[in-house]
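1. How does the following fold in three dimensions:
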Amino acid sequence: MTQAGSGSQVVDVVNATGASPIVFVCEHASAFIPPHLDHLGLACEDRRSHAAWDPGALEIGQRLCKRFDAALVASRISRLVYDCNRPPEAADAMPARSEIIDVPGNTGLTAADRQARTAAYYLPFRDCVTEVLAARQAPILVTLHSFTPIYNGKRRDVEIGVLHDRDSRLADALLESADLMPFDVRRNAPYGPEDGVTHTLKLHGLPQGRLNVMLEIRNDLIAETGQQDAMAGHLAGWLEAALARVTVVGGRA
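-> Predicted coordinates:
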């Protein structure tokens, strides 16, 4: 991986000079918790669970980056330290509880504590995404996530979620091409904008009028290398078809 300059210890950029207008972003690529935070008081199994990161999302991003000759921006910090898909004012930017897991190291954070985490982990990531997008003409923002098959004891049947905020152009094109995918594909599932999950899209896509979408993949479908290869292949063809559809229907890429 090629590291970013400022704040390189918390964010990675892969293929920064790639020719594609697509920029893939993986906000929850890592489960790493800096040593000085003392594991946030979490047990080992909790630090490796889906609460701490999005298993498989980085590997999908790396494959798509290579397929499209696109850039990939990935956080190197656990979302329990700072969730880079949340603004600093959001309570769950540094959650005291994630699903059934309490996070002792995030309990009782002061305003100064939160400001320090924001400066150390969120701002370098935000600025890096800004720079990589700005280096492209008419960039296209695609964020990549994975989700657990069972959440709060309930099974999730959806396999791939296509998430969007107010700008649904790319999401609509993907859903119109969903017959290309041998999966249960749904709009704004298992989360939607009402759950506060579209921060990156709202910050880096909507104000600039850029095509943008958030893809959620159920993590049992991308747990192994072979699954990751197959899923990346499916996603690449799907994205290509959707982008061609947007260009034709919308008159612009």
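
2. Let's see stretch 74-94 as CSV, backbone CA atoms only.
-> Listed next in CSV are the C-alpha coordinates belonging to stretch 74-94 (Å, rounded to 0.1, in the frame of the first residue of the first chain):
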residue,chain,number,x,y,z
ALA,A,74,-8.7,3.2,3.7
SER,A,75,-8.7,4.0,7.4
ARG,A,76,-6.1,2.1,9.5
ILE,A,77,-7.9,2.6,12.8
SER,A,78,-10.8,0.7,14.4
ARG,A,79,-14.1,2.4,14.1
LEU,A,80,-14.4,1.9,17.9
VAL,A,81,-11.5,4.4,18.2
TYR,A,82,-13.2,6.7,15.7
ASP,A,83,-15.8,5.9,13.2
CYS,A,84,-14.6,7.7,10.1
ASN,A,85,-18.1,7.5,8.6
ARG,A,86,-19.5,9.8,11.4
PRO,A,87,-19.0,13.5,12.0
PRO,A,88,-17.3,14.6,15.2
GLU,A,89,-20.5,15.7,16.8
ALA,A,90,-22.2,12.3,16.4
ALA,A,91,-22.4,10.3,19.6
ASP,A,92,-21.5,7.1,17.8
ALA,A,93,-18.3,8.6,16.3
MET,A,94,-16.7,7.2,19.5
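
3. Tell me where the model's unsure across the stretch 1-150 of the chain.
-> In the predicted model of the stretch 1-150 of the chain, residues 1-8 satisfy pLDDT under 70.

4. ranges for the helices of it?
-> Applying DSSP state H, counting those that start in this stretch to the stretch 1-150 of the chain gives helices spanning 44-47, 57-68, 111-117, 123-134.

5. Quick one, which of these gets closest to Leu211.
-> Leu211 lies closest, by CB to CB, to one member of the helices of the stretch 1-150 of the chain: helix 123-134, at 11.4 Å. No exception for glycine: its C-beta is placed from N, CA and C like everyone else's.

6. What residues of the closest one count as buried?
-> Using 16 or more other CB atoms under 10 Å as the test for burial, helix 123-134 gives 123-126, 128-129, 132-133.

7. quick one on the thing from earlier: nearest to Val142, of the helices of the stretch 1-150 of the chain?
-> Using CB to CB, the nearest of the helices of the stretch 1-150 of the chain to Val142 is helix 57-68, at 7.9 Å.

8. which strands and helices sit next to that closest one?
-> strand 11-14, strand 22-26, strand 71-75, strand 140-147, helix 225-250 (3 or more CB pairs under 8 Å, 6 or more residues apart in numbering; DSSP states H and E).

9. so can I have CSV of the helices of the stretch 1-150 of the chain showing distance to Pro149?
-> Compiled in CSV, the helices of the stretch 1-150 of the chain are given as follows (distance: least, CB to CB, whole Å):
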stretch, distance to Pro149
helix 44-47, 17
helix 57-68, 15
helix 111-117, 30
helix 123-134, 28
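
10. which one of these lies closest to Ala241?
-> helix 57-68 (13.4 Å).

11. Tell me the buried residues in the closest one?
-> Here helix 57-68 shows 57-65, 67-68 as buried, counting by 16+ other CB under 10 Å.

12. how much does it deviate in direction from strand 22-26?
-> On the basis of axes from the mean of the first three to the mean of the last three CA atoms, to 10 degrees, helix 57-68 is oriented at 170 degrees to strand 22-26.
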